[in-house]
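K.L.:
sequence first, then the predicted structure:
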Amino acid sequence: MRLNMNKKIASKVVSGALLCSMIGYTVPVFAYTKDETVYSKLDVSGSCYKTIVSTHIKNKENEDVVKDMSDLLDIKNTSGDETYIQDGNTFTWKANKNDIYYQGESSKDLPIECAIKYELDGEEISPEDIAGKSGNVKITLQYTNKEERMVDINGKKVKMYVPFVVVAGTIIKNEEASNVQVSSGKVIDDGTKTIVVGIAMPGLQESLGVSKKDIEISSDIEIMMDVKDFESNSIISFVTPKVLDEEDLGVFDKLDEIYGQVNTLQSSS
């Protein structure tokens, strides 16, 4: 961000363009089950500057002592007074038959990378310069899947990506913008505000080896609108590595041969 930026303009961009990426998944830990949700704050360009992981260890056997593996930093109990003893990456919790809820910070890269591009009247513009401007604005959320795997298909090694689904949303006041549109999503206008929801599946196009001429599976989400005195709103992205449901694959209804590849992709991930 430019050091000579007007304070008013700076606040419009920084306070409005935070993007929180949440990835929820379940992993086994010793004899227990651990659910984790990852919350990451991104700046106006999409760069991650803080990641917090919220963890729930399900103590189904009502054990007095629960062992856990974690590489998080500054771990804190968020629901209860259970304490732990740490030995490297091993944590021994005095559970007293309770579930354990804790959070900590992570320095690991996210499996999904997000870059944010801004355009004003068809011309790319920096997030610093677009604040306070009027005209047609397009915000492009460019997602990159970094979780690639080499999968054996009929004796041939093929590169595939873990099938993440990204859903991004924001709320825009009607007094601030009009003609709001989104690619691969839906816009809902209740008269005073507009809710924007978009969906992307980064890496799926490459995993399936499908030509964009036949069908395009978007890795980006574009939000377009006409604005006056532009002020970016918060955008939240929900990212899940869930196995894709049939409704998620509705675009493939006429491409039977792809379903076999999708099944392979799901089982491999």
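P.N.:
Cool, got the structure.
K.L.:
can we go C-alpha only for contacts and neighbour counts from here?
P.N.:
Will do.
K.L.:
in the stretch 151-269 of the chain, which spans are strands?
P.N.:
Chain-ordered strands for the stretch 151-269 of the chain, with DSSP state E, counting those that start in this stretch as the definition, fall at 156-161, 165-173, 177-182, 185-189, 193-200, 220-227, 235-240.
K.L.:
in JSON lines: those strands, plus distance to His56, mean pLDDT and mean neighbour count.
P.N.:
As requested, those are exported to JSON lines (distance: least, Cα to Cα, whole Å; pLDDT from 0 to 100; neighbours: other Cα atoms under 10 Å):
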{"stretch": "strand 156-161", "distance to His56": "27", "mean pLDDT": "86", "mean neighbour count": "16"}
{"stretch": "strand 165-173", "distance to His56": "22", "mean pLDDT": "88", "mean neighbour count": "19"}
{"stretch": "strand 177-182", "distance to His56": "35", "mean pLDDT": "95", "mean neighbour count": "18"}
{"stretch": "strand 185-189", "distance to His56": "32", "mean pLDDT": "90", "mean neighbour count": "15"}
{"stretch": "strand 193-200", "distance to His56": "27", "mean pLDDT": "90", "mean neighbour count": "20"}
{"stretch": "strand 220-227", "distance to His56": "31", "mean pLDDT": "95", "mean neighbour count": "20"}
{"stretch": "strand 235-240", "distance to His56": "17", "mean pLDDT": "84", "mean neighbour count": "20"}
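K.L.:
export these to CSV and append columns for distance to Gln103.
P.N.:
As requested, the strands of the stretch 151-269 of the chain are arranged in CSV below (distance: least, Cα to Cα, whole Å):
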stretch, distance to Gln103
strand 156-161, 28
strand 165-173, 23
strand 177-182, 34
strand 185-189, 32
strand 193-200, 28
strand 220-227, 30
strand 235-240, 19
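K.L.:
among the ones you listed, which is nearest Ser126?
P.N.:
Comparing the strands of the stretch 151-269 of the chain by their distance to Ser126 (Cα to Cα), the top pick is strand 220-227, with 16.1 Å.
K.L.:
okay, angle between the closest one and strand 177-182 too, please.
P.N.:
Orientation check (axes from the mean of the first three to the mean of the last three Cα atoms, to 10 degrees): strand 220-227 against strand 177-182 gives 170 degrees.
K.L.:
circling back: Asn145: which of the strands of the stretch 151-269 of the chain is closest?
P.N.:
Shortest separation from Asn145 across the strands of the stretch 151-269 of the chain is recorded for strand 156-161, at 7.0 Å, computed as Cα to Cα.
K.L.:
contacts for the closest one?
P.N.:
When contacts are taken as Cα atoms under 8 Å, 6 or more residues apart in numbering, the neighbours of strand 156-161 outside the stretch itself are 145-152, 203-204, 206-208, 265, 269.
K.L.:
for stretch 139-153, same thing?
P.N.:
By Cα under 8 Å, 6+ apart, the list of residues contacting stretch 139-153 reads 111-119, 157-162, 164, 200, 202-203, 219-224, 264, 268.
K.L.:
could you find the closest non-adjacent residue to Val167?
P.N.:
With Cα to Cα, 6 or more residues apart in numbering as the measure, Ile199 is the residue that lies nearest to Val167, at 4.5 Å, once sequence neighbours are left out.
K.L.:
I'd like the distance between that neighbour and Lys41.
P.N.:
Counting by Cα to Cα, to the nearest Å, the separation of Ile199 from Lys41 is 19 Å.
K.L.:
for Asp64, same thing?
P.N.:
In this structure, Asp64 and Lys41 are 35 Å apart, going by Cα to Cα.
K.L.:
the helices in the stretch 51-200 of the chain, which residues?
P.N.:
Counting by DSSP state H, counting those that start in this stretch, the stretch 51-200 of the chain forms helices over residues 127-130, given from the N-terminal end onward.
K.L.:
so where is it shaky, pLDDT-wise?
P.N.:
In the predicted model, the stretch 51-200 of the chain carries no residue with pLDDT under 70.
K.L.:
which one's more surrounded, Asp64 and Lys41?
P.N.:
Ranked by neighbour count (other Cα atoms under 10 Å), Asp64 and Lys41 place Lys41 first, with 19 against 12.
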